[in-house]
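K.L.:
Quick one, fold the following:
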Amino acid sequence: MKRLILVIAFITSLSVLASAQQKTSKTPAQKAAHKTQALQKKLNLTASQTKEVNAIFLTAATRADSVKVHKGDKKANKAAHKAIEAQTDQKLNAVFNADQKKAYAALKEAKKEKHARNKAAAAATAPPKQ
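P.N.:
So this is what the prediction gives:
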């Protein structure tokens, strides 16, 4: 009886671990909607701005997904992603008014600082390379 319970527990734990490993990827439309909703809340976008921002993010997400499909050179992919991000920022700044541009710049700067802090913390805890 104890063996049966142990076997059932082992099989259950394996299935739980296997399901935890599966990643579900968002579609470009879902990514665009999520980013648009976040900016809409933070920048108080109008209805027309929201539609334009969603279209911009949808285009960017579609282009980024097409770059991911081509699993080639990491440096080339990184450069492509930076180009997509730069074009997206340029298009977004054309849609925003002056106050929204300032708030968007502040959001980007905060995100950059958070990334730098996380990178520094990861480097501090990582074992030294040999």
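
K.L.:
could you say what helices and strands the top helix by length along the chain packs with?
P.N.:
The longest helix of the chain (DSSP state H) is helix 98-125. Here helix 98-125 touches helix 28-43, helix 74-95, going by 3 or more C-beta pairs under 8 Å, 6 or more residues apart in numbering; DSSP states H and E. From N, CA and C alone the C-beta is placed, and that goes for glycine too.

K.L.:
quick one: it to helix 28-43, angle?
P.N.:
Interaxial angle of helix 98-125 relative to helix 28-43 (axes from the mean of the first three to the mean of the last three C-alpha atoms, to 10 degrees): 110 degrees.

K.L.:
Next, the buried residues of helix 98-125.
P.N.:
Neighbour counts over helix 98-125 (16 or more other C-beta atoms under 10 Å) mark Gln100, Ala103, Tyr104 as buried.

K.L.:
same thing with stretch 45-54?
P.N.:
Using 16+ other C-beta under 10 Å as the test for burial, stretch 45-54 gives Leu45, Gln49, Thr50, Glu52, Val53, Asn54.

K.L.:
re the thing from before, going by distance to Thr12, which of the buried residues of helix 98-125 wins?
P.N.:
Tyr104 (47.7 Å; C-beta to C-beta).

K.L.:
What's the separation between the most centrally placed residue in the chain and Asp73?
P.N.:
For the chain, the residue sitting closest to the mean C-alpha position, by C-alpha atoms, centre = their mean, is Lys31 at 7.9 Å. Going from Lys31 to Asp73 by C-beta to C-beta, to the nearest Å gives 24 Å.

K.L.:
Thanks a lot, see you next time.
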